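In: I would like to see how this sequence folds:
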Amino acid sequence: MKRFVCAELHPGCVRVFTGPTDQAVLDRVLAHAAADHGVARPSMAFIERVVIATHPLQGAGRRRLTLVGAEPPDRSGPITGAGHRAGRRLGPAGRFGHGAAGPATVTALTGRFARAHRTYRHECWLYRGDTEFVDMVVPFIRDGLAREQPILVAVPEPRLHALRDALGDDAAGVAWADMAGLGANPARIIPAWQEFLDKHRGDRRPVRGIGQPIWVGRGQAEIVEAQFLEALLNMAVPPDTPLWLLCPYDTTALPDDVIDAALRSHPVLADTDGYRGSTHYGGAHHANLLFSKPLPEPAAPTTVIAFDPDRHRHIDRLTRAAVAAGVTADQATELATAAAEIATAAHHDSGRVRILLWQDRTAVLCEITDPAVIDNPMTGRSATPVTGADRRDRAIRLANELCDLVQVRSCQHGTTVRIHTPRSTTPATPPVRSVTDHR
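Out: Alright, predicted model coming up:
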């Protein structure tokens, strides 16, 4: 347990903050500083002073943060609430009021004098264009390599190639993954991080990661699920896990609503102007809100596939209907298998199941609904079964392994699982209007 006394920075303040990790204490102090001391955008020097003054309750040596490639911070000027030391020249204000300091100078929150991270850090890094992306990320990777920390970089092309080129021979010491493949279904990303952590758990070394689940060109449903993933990452990793995970967002290419969502799902933000806590961070509450939010209604006519728990004829009906709608035979088999497993698990829980099938311009969609409620948003998303896992968790995990995109939502009215399968051909038959298939 860690403890910070606000009087060390603001004499006369009687507030004391505790938390299980440095990050948890920092989050609470930043919220207090903004609300009670008028420090809406704390400077890096302010954050360093908070970290220096945060100690284990049993007492421990003081530690500090600094910047990769930066000189020790100048402590001569007064700390201001504008987020920078008085007299520092900022570039023109960018989106959300972030200053642009020219070439990226704030590249990581660690350096020759920094402590190794010992707790989970989930941070949003805001950058502008691929050049700034490389300038911000490469020093973070090199610092981790210098500390002999395992590093997994999961970003899409062309940024994956750009990072490899910039690192040169150092790239051999990094684990690489093309996020366009790994994260095509965002529900597979958390298991990938869990497997990487498990692989290096015996090393007892801090681990670093860079994950970019959202980029220009992703479909809307994929973006929605990637945003849900980002919120779940705050619940999926125990706070004492020494993982430093950076999630880069391009503020010049992504729309404002995507950046706004990133501010809600990351407790800490960084850009070329500095490092600060996110005042919009929603934590587990935000993840639970997303999990309970209904999916959009089908935008096309639907076919109702009657669930047949005895003879399982719904599997053949789903397969034939999916092929007719334009997916390959293999895709149709995987879709029908996943949907059947989910429907069987739902029927076991509630006794009532509805299966809908429809198609849009790019995909065939199958939706399974029932009145039972799931209270764990991580259901079906772990590398291993969740605590008390039942057949529904196993069914959703299977669907995530087999299918391109799986959306799960649950609220007081019941549970919905929606499976997306990309269409590969023109439908063999015209769309069928809403009917119940009794064949």
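
In: what residue lies at the spatial centre of this structure?
Out: Nearest to the geometric centre of the chain sits E230, at 2.0 Å (Cα atoms, centre = their mean).

In: Show the contacting residues for the closest residue to that one other than its chain neighbours.
Out: Counting by Cβ to Cβ, 6 or more residues apart in numbering, S265 is the residue found nearest to E230 once chain neighbours are left out, at 3.9 Å. C-beta here means a position set from N, CA and C on the backbone, and glycine is covered the same way. Contacts of S265 were listed using Cβ atoms under 8 Å, 6 or more residues apart in numbering, and they are C124, Q227, E230, A231, L233, N234, Y281, G282, H286, A287.

In: measure S265 to A343 for me?
Out: Separation of S265 from A343 (Cβ to Cβ, to the nearest Å): 31 Å.

In: and what of I190?
Out: 24 Å.

In: Which of these two has more residues huddled nearby?
Out: Between I190 and A343, A343 has the larger neighbour count (other Cβ atoms under 10 Å), namely 27 against 20.

In: need the next SSE after the helix or strand hosting that one, C-terminal direction.
Out: Assigned by DSSP states H and E, A343 belongs to helix 329-350. The first helix or strand that comes after helix 329-350 along the chain, using DSSP H and E, is strand 354-359.

In: Residues touching that next one, excluding its own?
Out: 298, 300-307, 314, 318, 321-322, 325-326, 339, 343, 364-370, 423, 427, 431.

In: what's the answer for stretch 153-160, then?
Out: So stretch 153-160 is in contact with 130, 133-134, 141, 163, 174-180, 182-183, 189, 192, 209-212, 215, 248, going by Cβ under 8 Å, 6+ apart.

In: The strand or helix carrying H286 - contacts with which helices or strands?
Out: If you go by DSSP H and E, H286 is part of helix 283-292. If contacts are counted by 3 or more Cβ pairs under 8 Å, 6 or more residues apart in numbering; DSSP states H and E, helix 283-292 sits against helix 220-236, helix 256-265, strand 405-411.

In: can you tell which of the ones you listed is closest to F17?
Out: helix 220-236 (18.9 Å; Cβ to Cβ).

In: In strands, which of the contacts of stretch 153-160 fall?
Out: Filtering the contacts of stretch 153-160 for membership in strands, criterion DSSP state E, returns A175, W176, A177, D178, G209, I210, G211, P248.

In: can you list the residues that contact stretch 6-13?
Out: V14, R15, V16, F17, V29, H32, D36, H37, F46, R49, V50, A53.

In: same thing but at 7 Å, please
Out: R15, H32, H37, R49, V50, A53 (Cβ atoms under 7 Å, 6 or more residues apart in numbering).

In: so what's the first one closest to, chain neighbours aside?
Out: In space, not counting the residues next to it along the chain, R15 is nearest to C6; the distance is 4.4 Å by Cβ to Cβ, 6+ apart.
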